[in-house]
Every structure is written in structure tokens, then in C-alpha cells.
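Participant: Need a 3D model of the following:
(2 chains)
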Number of protein chains: 2
Amino acid sequence: MKLNERGLLVVLSGPSGVGKGTVRKALFEMEGHDLVYSISMTTRPPREGEVDGEDYYFVSKEEFERRIREEMFIEYAEFVGHYYGTPKDKVDEQLKLGKEVVLEIEVQGALQVRKKAKDAVFVFIAPPNKEALYRRLLRRGTEDPETIQKRMEKAEREFPLAHKYDYIVVNDEVTNAADRILAIIRAEHAKTERSIYKYNQMLEVK
Amino acid sequence: MKLNERGLLVVLSGPSGVGKGTVRKALFEMEGHDLVYSISMTTRPPREGEVDGEDYYFVSKEEFERRIREEMFIEYAEFVGHYYGTPKDKVDEQLKLGKEVVLEIEVQGALQVRKKAKDAVFVFIAPPNKEALYRRLLRRGTEDPETIQKRMEKAEREFPLAHKYDYIVVNDEVTNAADRILAIIRAEHAKTERSIYKYNQMLEVK
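Facilitator: Numbering: from 1, shown residues only, chains lettered A, B, ... in the order given. Here you go, the predicted model:
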């Protein structure tokens, strides 16, 4: 029996190359949870095959900027001329339904979310050591040495930010990491501050 | 990979009749953990078959009182002329070995521990409703109606103390409750405040 019926906003973050995507994928493949992705909103035009409300919510620049002014994003950023953001109302909708909404975002974005979503759960995914991160970046094979060097430097600047997160999960083995995140979600639901309201009702505590 | 190598002191508590013992037993039968009981110290003479250092640490009244003065107990209490207590040094020994030390104690004792063991994890085991607790107390069949009435009244006074715990776990189904406690233990190890030291070493964060 789960005392907290509202879903959790789970923010998975960590330096690029740490395997956030792989861990998130493994997490969604596990049993016994009710996880959903958060769908981003963007001003970038849909690519072939992309479906509005599935891959992204596609909106105009004017619409996006209106939403920024009205503080309707948990976080947003601009990349190469287009906006990308996490719409607050859509996330809230899912949380109310009891779904755990998973955000997989960059370290800077996560720290933005920290300010707007006080009760979200922040998980920093860490490499088991620097070499592992470097090897993963190399293995991708999609980037030139200079870009890889830049990513490593960015990671070095991000490592010290882990202390701002609630949990640190080492991605030494993907299933292990995903398993630990699932344990974190279960434990967070049992936390007294999330449970006490329903608990008091249940046992008629005045 | 577990960043926190020290074991956790896990305090399981809740009103009598809630099934603390059954949950603890189910917990110890589960796979994938390194749990140990905390062995109490007592001035009560050993019963037949009881082994010193296994069932209890048996000591004299003088020795026990010396240890009280020297603040060597995490918690202690007196019942019908005998002392019972949790020796701090023995618990620390196990924690250093990376074992999770489980204390199953009464609500008042748990609140004593709270003051002495700041980094312990406090789990309040709750009945799914009052009737369930009442039925369990009746089912024991070992006590007269008056004692049962007294226990229910004590439980009523203890229900509001749940907010002082870190987690509330409902014992609606024993395996479920034990499973959730195991998730809490796994999650607590990943908590940033417990992980950051080794994390900083691992990634050479200054």
C-alpha cells in the first residue's frame, strides 16, 4: 500500500557520456512501476514521422515565448535558434494521475528545475571513474577529438555539482543503476513528508 | 557499486501489534542484503539455552550502570527490575564492517535513539487501519481484554508520533512491507550526504 498517491518528478542527470539514456531505457524496461517520459515542447519544426504530443509538442516561437513569460516551463533552453522546454502543466497532469514523470536532462537544466520543483527527486548519474567516461565518449565515435575534449572539460566542471542532488548513482553496470533508481522511487514514496497526510487520514490522527 | 561503504543503523518501530517482528523476519529472509540483528545487553540472568553474545550480552547490574554513566548505550530501558539496552560499541563494530544493523524497538525507545544516532534511518511501521491493529492484538490470544484495551490506547498515543520518523511503511502485506524497507535501505546508501565523500575521491573532485 502506497500512502503517497501523487507521482514523483524524477530528474535524471549527469555529464554527457555517462549513459543517462541507457540507464533511463533500462529503467523503463523494468517491472513494477508506472513511469512516463516527460514530452518536451519545442519551436523546432517537426521532422518526418514526428508526431505532435508524442515526440514533442510543436508550437510557434510566439506561443513558446508567451509561455516563458507566464512561467509555464519547469526548465527551458535555446539550442541553435530553437527553444526546447518542459511544460509544467503537462507534467502536473501526469503526476496527479500517479505517474512518475522522468526527466532526463543536462546538469544545468536540472539545477534550473531544482528551483521550480521543490519536491522533485534529483538523481546524479556518475561514471565509476574518469577513464570510463572518456572511453564512452570515444566509443560513440560520432564526434571529433576536439568535441570530445570539450565534453570532458564540461564534465570536469559538472562533477562538483553532484552535491546539489539528492542521490548519486554510479553507472558501473546499467541494470544495477536502473535498479537503484527504482529503489529510490519506492523509498521516496514512503518518505514521511510525502505519506503523512494520507497516514493521518487513515488512522484518524487529529 | 555502492558509494557508501558504512552500514546503516535501521530502526524499525511502530505500535505493538503492528507486526514489527513479522516484517523484520520477512526482511531477513530476503535476498541481496547484509543485515544483522543488534544484540541487546541485559542484566536479566540467562534462561536455559541462551548464549552470551548470541541471544544477549549478559552483564551484572553494576557493569550495566557503569555503561549507562559512560553513555555506552544507544537506548536502554528497565523492565520488571532488569535493564535492557543497545550497546553503542557493538553496533558501531558492525556498521564499520558494512553491515546494516536492524533495531526493532518500541516507539519511545526509537525516539531515544533519534537523539544519539543522527544518521540512523527511522521507519515507522503502520497498520493499514485501526481495526487491523485491534484484530492482530486479539488474534495473539495471549492477553486479557484489559491488556488489549491498554495496548490500543497506547497505540492511539503513538500514532501521532509517526511524523518524527523518516519513513512510514504500511504493513498491509508482510512481503510488501519488507520489500519497501529493502528499497529504503538501498536508496539511503545512494543519498548524496552518504555518498559524496567516496564520490569526490573517485572523480578527484577537490
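Participant: Give the bridge partners for the residue nearest to the spatial centre of chain A, please.
Facilitator: For chain A, the residue nearest the mean C-alpha position is A:Leu103 (2.3 Å; C-alpha atoms, centre = their mean). Beta-bridge partners of A:Leu103, counted by DSSP bridges, are A:Val11.
Participant: Was I right to think it contacts A:Ser38?
Facilitator: Yes: if you go by C-beta atoms under 8 Å, A:Leu103 and A:Ser38 touch, sitting 5.0 Å apart. For the C-beta atoms, the positions are set from N, CA and C on the backbone; glycine is no exception.
Participant: tell me, what's touching those two both at once?
Facilitator: With contacts defined as C-beta atoms under 8 Å, 6 or more residues apart in numbering or on different chains, the residues shared by A:Leu103 and A:Ser38 are A:Thr86.
Participant: low pLDDT regions in chain A?
Facilitator: Scanning chain A for pLDDT under 70 picks out the ranges A:142.
Participant: care to break it down by domain?
Facilitator: As assigned by automatic domain parsing, chain A contains the domains A:1-34+A:98-206, A:39-97.
Participant: Could you check how far the last one is from the centre of its chain?
Facilitator: With C-alpha atoms, centre = their mean, to the nearest Å as the basis, domain A:39-97 stands 15 Å off its chain's centre.
Participant: do the same with stretch A:34-41
Facilitator: Worked out by C-alpha atoms, centre = their mean, stretch A:34-41 lies 9 Å from the chain centre.
Participant: Just the residues contacting it, thanks.
Facilitator: When contacts are defined by C-beta under 8 Å, 6+ apart, stretch A:34-41 is touched by residues A:7, A:10, A:27-28, A:53-59, A:64, A:67, A:73, A:83-87, A:90-91, A:94, A:98-103.
Participant: for stretch A:131-138, same thing?
Facilitator: Outside stretch A:131-138, the residues that touch it by C-beta under 8 Å, 6+ apart are A:15-19, A:127, A:143, A:148, A:151-152, A:155, A:172.
Participant: from those residues, which would you call buried?
Facilitator: A:15-19, A:127, A:148, A:151-152, A:155 (16 or more other C-beta atoms under 10 Å in any protein chain shown).
Participant: quick one: the strands in chain A?
Facilitator: For chain A, the strands defined by DSSP state E cover A:9-13, A:35-37, A:41-42, A:57-58, A:73-79, A:82-87, A:100-105, A:121-126, A:167-170.
Participant: For chain B, tell me whether stretch A:177-196 is touching it.
Facilitator: Yes: if you take C-beta under 8 Å from any C-beta of the partner chain as the test, stretch A:177-196 does meet chain B, through A:179-180, A:182-184, A:186-188, A:190-192, A:195-196.
Participant: Counting neighbours, which bits of that stretch end up buried?
Facilitator: Residues A:177-192, A:194-196 are the ones in stretch A:177-196 that count as buried (16+ other C-beta under 10 Å).
Participant: One more: stretch A:1-16?
Facilitator: Quick answer for stretch A:1-16 (16+ other C-beta under 10 Å): A:3-4, A:6-16.
Participant: Looking at those residues, which is nearest chain B?
Facilitator: Chain B lies nearest to A:Leu3 out of the buried residues of stretch A:1-16, by C-beta to the nearest C-beta, at 6.1 Å.
Participant: who touches the closest residue to that closest one other than its chain neighbours in this structure?
Facilitator: Nearest residue to A:Leu3 in three dimensions, chain neighbours excluded: A:Ser195, at 3.6 Å (C-beta to C-beta, 6 or more residues apart in numbering or on different chains). Listed by C-beta under 8 Å, 6+ apart, the contact partners of A:Ser195 are A:3-4, A:189, B:167-168.
Participant: how about 7 Å then?
Facilitator: A:Ser195 sits next to A:3-4, B:168 when contact means C-beta atoms under 7 Å, 6 or more residues apart in numbering or on different chains.
Participant: so which of these comes closest to A:Ala162?
Facilitator: A:Asn4 (26.0 Å; C-beta to C-beta).
Participant: and the closest one, what does it touch?
Facilitator: So A:Asn4 contacts A:189, A:194-195, A:198 (C-beta under 7 Å, 6+ apart).
Participant: Out of those, which sit inside helices?
Facilitator: Using DSSP state H, the subset of those located in helices is A:189, A:194-195, A:198.
Participant: Out of those, which is nearest to chain B?
Facilitator: The shortest approach to chain B among these belongs to A:Ser195, at 4.3 Å (C-beta to the nearest C-beta).
Participant: beta partners of A:Phe79?
Facilitator: A:His82.
Participant: That one: neighbour count?
Facilitator: 9 (other C-beta atoms under 10 Å in any protein chain shown).
Participant: do the same with A:Met41
Facilitator: Using other C-beta under 10 Å as the criterion, A:Met41 is surrounded by 20 other residues.
Participant: Quick check: it vs chain B, distance?
Facilitator: Distance of A:Met41 to chain B, given as C-beta to the nearest C-beta, to the nearest Å: 30 Å.
Participant: which one is that residue nearest to, not counting chain neighbours?
Facilitator: Leaving aside its chain neighbours, A:Met41 sits nearest to A:Tyr57 (4.2 Å; criterion: C-beta to C-beta, 6+ apart).
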